[in-house]
Every structure is written in structure tokens, then in C-alpha cells.
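Asker: Sequence below, structure please.
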Amino acid sequence: MPEPLRLAIVGVDHPHGAHWRQTLENFEEAVQIVALLPGYEGALASLEERFASLPRFATVDELLKRGDFDAALVALPNNEGPAAVIQLAEAGKHVLCEKPLGARATELDAVVTAVRKRRVAFQSGYMWRYDDCANRLRAMCAESRFGKLISVEMTFVTSDVARRGPGHYLFDPKVSGGGFLNWLGCHHLDLLPFVTGRRIVGVTARLGVFGGTPTPVEDGGTVILDLEGGAIATFTGGYWLPRWAGENRWSVRGTQRWVDWFPTRAGTSGVLEIHGPQPQWHAMEETFVVGADSTRGYGGARGVALIADWLDAIRNGHDCGNTVESSRATLAVIDAAYESSRTGRRIDCRI
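Answerer: Numbering: from 1, shown residues only. Prediction:
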């Protein structure tokens, strides 16, 4: 990998765009931003002045013909992201992309082919895979510390549609393809098989508009997921809170222990409340706290770990914690949830 890595930004005014660029400040010696493709009809409202004089390009074709770069951060809407990543990967450029990248799993088929054919490093923005508590839960599952896994309950509720306004592109089905499940629920649906090590073999969902602001995409709902081995998982979430806020928690239960995870508890980077058996007189009770994180940028230390993994993959040729296949699989779960909600039946699958 050249030092520093020459990075093109593809999509400036993405909702997370400024935060990604802030995260990259942690890699000033390893990464240099050298080119901009604004996207969003040329919008530059969030552009930092220090980048204002960088070369700008209107299309990926133009960027590839005239730009001098090694890799790209792609932060575009779902209807534009897959095509851009395919072009970049086919040109041998390494790619860091916003999640979920597309609206449907089939839109990533050609992305998978291009990334694997050209052997470029691919990383996506599912940064909870780099969270300390998530990885501790994953180790508990891998080591069978839960005993027989019984259930996983996931909840994520955040600010209502009115906070952004129903005219935002996130609520436009022609641009985003879906609503809450695609934009935010995807984090939890991606993390579930990662943490449990189990495939999803059935999906049942009820999605819709339950809040007070009409929108042509779902503002939330509930998904029931059958895991191989017999465990059951549920996810409930939506744009339902009347202010900028969020509620985020998991409960994982097994025959030998149960754990409540609070990923965003104030003053911490996550809390695990662990409850276990009482073999003699002493019942297992533990609260594990990850200290507050002051790292600048999108996702804090998780975002830094995600980019560090990508840079190491560029150097050494390994897969990142997020693979192009895992990103496609997450969209396949969301596809199944939409189909279940639309048809009113359970969808058999193996994802």
C-alpha cells in the first residue's frame, strides 16, 4: 500500500459524510484525501474549507479518467452506491462504503463479483462489528457460555420522521428503496449472525407506518428471526421518538446465563449486565462496563478500528470484519422481512 493512501471522497453531503471525514483525521499520516466527487447534485454544504481546493469530478467515469487516487470512500444513496462501487472495484480501487450500500441483495451481486475478481479491499460501515461489548457477546456464544441459546431480543428506537422531514431522500422509495429497516435496522440484522454465529433460517415481519408522519416507506416494525439450532430472535425498532434521541438494547438468553447489553448507556461505551447460574450459594452477577470513548469521528473508536482494519487489508490482502458477502447477506435478511410483511407469511431462508 502506498503511504499515504490517496483517497477519493465519493459523496460529500451524505448524512454521515462529515463524520467519516472527521474519523479520517485519526489517520493523517496514513491517508490523504486527494479528490472529491460531491454527488447529491453537487451539494457541498458540509464540505470543510481545508478540502475546498481539491480536484472535483462530476462522475465516477471522470474521476477514474483524470483522478490520481488509490481508494475511495463511497457515501452515496442506495440507488447510486452499487454502480459506483462496481466501477471503482473493476478499476482496481479499494473501497470503503457506507452501509447498507444498496436497497436489495441482488443489487450487490455484481459488487461481489467485481470485488473478488479484482481482489480489492472492501469495507462497509457496519461498525458495531468492531464494538467491544458485541465481540464479548460473540465470544460468549462461540464458547457456549450461554449453554443452549434460547433467544435474542433487540430494540432500537430513534427520532421520528419529522426530525429530518418526510421530504428527506431517506424516505424516498425511488432513492432508498426502503425505510427504517434499510437505514438503521440493518445494523442489528447484520450484527445478529455475527454475534451468535448462527445462520438465519426463517423471517417473519410486520412493517409499516406506525408514527404520526405519513411516509411512503416503513417507519419501523417488528421482525422475528429463526436461527439455526432452534433459537429465536426478535427485532423491534422505528423512527418513533418525538425528539433527537435513541434507545438501544439487547437481551441474550441461554440455559446457563442471560445478558442485557446497553450499547449507548450515558457515560460509557457500553454495559453488559451478566446473570448466571447459582451452583452453590453464590449466584453469578456481574456488570461489565466499557469506559466512555472520546475518539473523534463517526462511531468513535469503532470507526477508527473499522478503518484500521481496512488499511491493514489493503496492505496484507485479508478480508475485513465486514465482507462484501456479509453486506449482501444483510440485505437478503431485509429483503425477506419486506417480503414477509408484504405477503403476511413466514419466509424460509438460509442466510
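Asker: How about the contacts made by the residue nearest the centre of the chain?
Answerer: For the chain, Tyr126 is the residue whose C-alpha lies nearest the centre (C-alpha atoms, centre = their mean; 2.8 Å). Contacts were defined as C-beta atoms under 8 Å, 6 or more residues apart in numbering; by that measure Tyr126 touches 99, 186-187, 190-191, 322, 326-327, 330. C-betas here are computed from N, CA, C, even on glycine.
Asker: repeat for Gly344
Answerer: Taking C-beta under 8 Å, 6+ apart as the definition, Gly344 has no contacts.
Asker: Now do it, the pLDDT please.
Answerer: pLDDT for Gly344: 98.
Asker: Got phi/psi on it?
Answerer: Main-chain dihedrals, Gly344, degrees, to the nearest 10: phi 70, psi 30.
Asker: For Leu73, see how far away it is.
Answerer: 40 Å (C-beta to C-beta, to the nearest Å).
Asker: and if you look at Phe57?
Answerer: For Phe57, the distance to Leu73 - C-beta to C-beta - is 14 Å.
Asker: Show me which of these two is the more surrounded one.
Answerer: Leu73 (25 against 19; other C-beta atoms under 10 Å).
Asker: Next, count neighbours for Arg302.
Answerer: Neighbour count for Arg302, taken as other C-beta under 10 Å: 22.
Asker: quick one: buried residues of the helix or strand that contains it?
Answerer: Take DSSP states H and E as the rule and Arg302 turns out to sit in helix 301-316. For helix 301-316, the neighbour count (16 or more other C-beta atoms under 10 Å) marks 301-307, 309-311, 313-314 as buried.
Asker: again, but for stretch 65-82
Answerer: 67, 69-82.
Asker: Which ones among these map onto helices?
Answerer: Using DSSP state H, the subset of the buried residues of stretch 65-82 located in helices is 81-82.
Asker: Would you tell me which one of the buried residues of stretch 65-82 comes nearest to Ala103?
Answerer: Nearest to Ala103 among the buried residues of stretch 65-82: Asn78, at 4.4 Å, using C-beta to C-beta.
Asker: sorry, back to before: which pair of the buried residues of stretch 65-82 spans the longest distance?
Answerer: Asp70 and Asn79 (26.5 Å).
Asker: Starting from Gly254, give me the distance back to Arg297.
Answerer: Quick fix: residue 297 reads Gly, not Arg. Distance from Gly297 to Gly254, by C-beta to C-beta: 35 Å.
Asker: for the stretch 201-350 of the chain, what spans make up the helices?
Answerer: Assigned by DSSP state H, counting those that start in this stretch, the helices in the stretch 201-350 of the chain fall at 301-316, 324-343.
Asker: quick one: average pLDDT of the shortest one?
Answerer: Mean pLDDT, helix 301-316: 98.
Asker: Leaving out sequence neighbours, find the closest residue to Ala139.
Answerer: Distances taken as C-beta to C-beta, 6 or more residues apart in numbering put Arg145 closest to Ala139, at 8.0 Å, once the chain neighbours are dropped.
Asker: er, Leu54 actually
Answerer: Leu36 (5.2 Å).
Asker: And the pLDDT at that neighbour?
Answerer: In this model, Leu36 carries a pLDDT of 98.
Asker: quick one: it from Arg328, how far?
Answerer: 28 Å.
Asker: Pull up the distance across stretch 278-296, start to finish.
Answerer: By C-alpha to C-alpha, to the nearest Å, the extent of stretch 278-296 from end to end equals 42 Å.
Asker: Please name the residues that touch the residue lying closest to Glu325 once chain neighbours are set aside.
Answerer: Leaving aside its sequence neighbours, Glu325 sits nearest to Val112 (C-beta to C-beta, 6+ apart; 6.2 Å). Going by C-beta under 8 Å, 6+ apart, Val112 touches 324-325, 328.
Asker: Unless I misread the structure, Val112 falls within a helix.
Answerer: Yes - according to DSSP: H, G, I helix; E, B strand; the rest coil, Val112 belongs to a helix.
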